[in-house]
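Q: sequence and predicted structure, then a few things I'm wondering about:
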Amino acid sequence: MKKILVVDDEPHILKLIKARLEANNYEVIIAEDGEECLRKLAVEKPDLLILDIMMPKMDGYDVLIAMKEMDEMNESMRKIPIIVFTARADNRIRDLIEQEIITAYLTKPFKSEELLEKIKRLLENE
C-alpha cells in the first residue's frame, strides 16, 4: 500500500483528502503545518507528498527549502513526488516545476478526481 503525507492547515481539507485517499487504498499520514511535515517526512518516508503552500508558521516554500537541505543528507528524499496546493499558479510555482523541485500542482479549490488522477500517474512512474 502506497503511503501519502498530506500537509494542510485547514482541518476540513485534511479530513476530506484523507477519507478520499483511504477509500482508494492509500495509507494517509497528515500534518497540519510545515514543521510537523518535516518531522513526519523523516520518520514515515512517504511515497508521495501533498503540500499546501499557504500555511502559518512555516509555509510550503519553506518546507521545500528545508527538504532540499535534508535531501543532501538523504538520497531517498529526492525521489518523493510532490504535489502542491496553491491559490494560483504563478511564476514561482512554474519555476519549481521546471527545476524539478515539485512534480505537479493543483489550484484550490480542486476536484478530488483530479487529485486522484495526478497521484495515480505519479506513483505509477516510480
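A: Good, I have the coordinates. Everything quoted here is computed from the prediction, not taken from an experiment.
Q: so the residue nearest the centre of the chain is in which element?
A: What sits nearest the mean C-alpha location of the chain, by Cα atoms, centre = their mean, is I50, with 1.9 Å. Element membership for I50 (DSSP states H and E) is strand 48-52.
Q: tell me the mean pLDDT over that strand?
A: What strand 48-52 shows for mean pLDDT is 96.
Q: same question, stretch 103-113
A: 91.
Q: other residues contacting that stretch?
A: Applying Cβ atoms under 8 Å, 6 or more residues apart in numbering, the contact partners of stretch 103-113 are 16-17, 20, 81-89, 93, 97, 114-115, 118, 122. The way it works is simple: take the backbone N, C-alpha and C, and place the C-beta from them, glycine included.
Q: taking these one by one, which sit in strands?
A: When the contacts of stretch 103-113 are checked against strands (DSSP state E), the matches are 82-86.
Q: which elements pack onto the helix or strand of the chain with the lowest mean pLDDT?
A: Each helix and strand of the chain was given a mean pLDDT (mean pLDDT, DSSP states H and E); the minimum falls on helix 60-71 at a mean of 85. Counting contacts by 3 or more Cβ pairs under 8 Å, 6 or more residues apart in numbering; DSSP states H and E, helix 60-71 packs against helix 34-44, strand 48-52, strand 82-86.
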